[in-house]
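Undergrad: model the following, please.
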Amino acid sequence: MNRLLFLGLFVLCGCSDSTPPDSQCILGEWVVVDFRSPKATEDRGQRRKHAIISEGTWSEQFQGDTFEDFEYAIDPSKSPKELDLTYTDSSGRHLKVRAIYEIVDEDRLRVCLGSPPIVLKNGKPEFVESVRPITFEAKDGPVISYRRKTKRAEWFFGTRD
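TA: Residues are numbered from 1 along each chain as shown. I've put the predicted structure just below:
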């Protein structure tokens, strides 16, 4: 029995020759360590904000202690790897932000968001299609670098008291 548990942990923690799929690698709680916006070189006010990524939901802390929830989909077969974040605005409209991402190592993640799906035109909001970035440069949206707050084994199994 102990051998099976050890083998399961060995594979889950990425200690085997095969790397877990991105859909498993991104799960967990992440802390922002760098936030570069198109308007400034670095937004230090975003540091230490959190993202909690579970299957199907990406919760991102932007302002204060509140989190915004997004549905997400990834496509690791693309180059660069693609991420789509979808949220519902106050009128019930589903809006999608296109992005790219990379898993730098088991404890670091980088995301570059594309253009926002809403722009102001003559002082009125207009809905447009988000444009996906092709490089990790803060042109239309920010580049956010995260480090994992909890180790993957702790995220899946919890910690022991």
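Undergrad: after the helix or strand bottoming out on mean pLDDT in the chain, which helix or strand is next?
TA: For the chain, counting by mean pLDDT, DSSP states H and E, helix 2-12 ranks last in confidence among helices and strands (a mean of 34). Counting by DSSP states H and E, the next helix or strand C-terminal to helix 2-12 is helix 22-25.
Undergrad: export that next one to CSV, keeping only CA atoms.
TA: Provided in CSV are the C-alpha atoms of helix 22-25 (Å, rounded to 0.1, in the frame of the first residue of the first chain):
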residue,chain,number,x,y,z
ASP,A,22,-0.6,21.9,-18.2
SER,A,23,-4.3,21.4,-17.1
GLN,A,24,-2.9,19.9,-13.9
CYS,A,25,0.2,22.0,-13.6
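Undergrad: for the remainder of this discussion, apply numbering that starts at 12.
TA: All right, first residue 12 from here; so that's helix 33-36.
Undergrad: buried residues in that helix?
TA: Applying a neighbour-count criterion of 16 or more other C-beta atoms under 10 Å, one finds D33, C36 buried in helix 33-36. Using the backbone N, CA and C atoms, a C-beta is placed for each residue, glycine as well.
Undergrad: now it, how far from the chain's geometric center?
TA: Distance of helix 33-36 from its chain centroid, counting by C-alpha atoms, centre = their mean, to the nearest Å, is 11 Å.
Undergrad: do the same with stretch 91-111
TA: 12 Å.
Undergrad: report the mean per-residue pLDDT for it.
TA: Mean pLDDT, stretch 91-111: 94.
Undergrad: and the end-to-end length of it?
TA: 6 Å (C-alpha to C-alpha, to the nearest Å).
Undergrad: contacts for that stretch?
TA: 33, 69, 79-86, 112-113, 122-129, 138, 141-147, 152 (C-beta atoms under 8 Å, 6 or more residues apart in numbering).
Undergrad: show me which positions of it end up buried.
TA: 91-96, 98, 106-111.
Undergrad: in ChimeraX, select just the buried ones from the contacts of stretch 91-111.
TA: This is how ChimeraX selects the buried members of the contacts of stretch 91-111, with burial counted by 16+ other C-beta under 10 Å:
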select :33,69,81,83,85,112,122,123,124,125,126,128,141,143,144,152
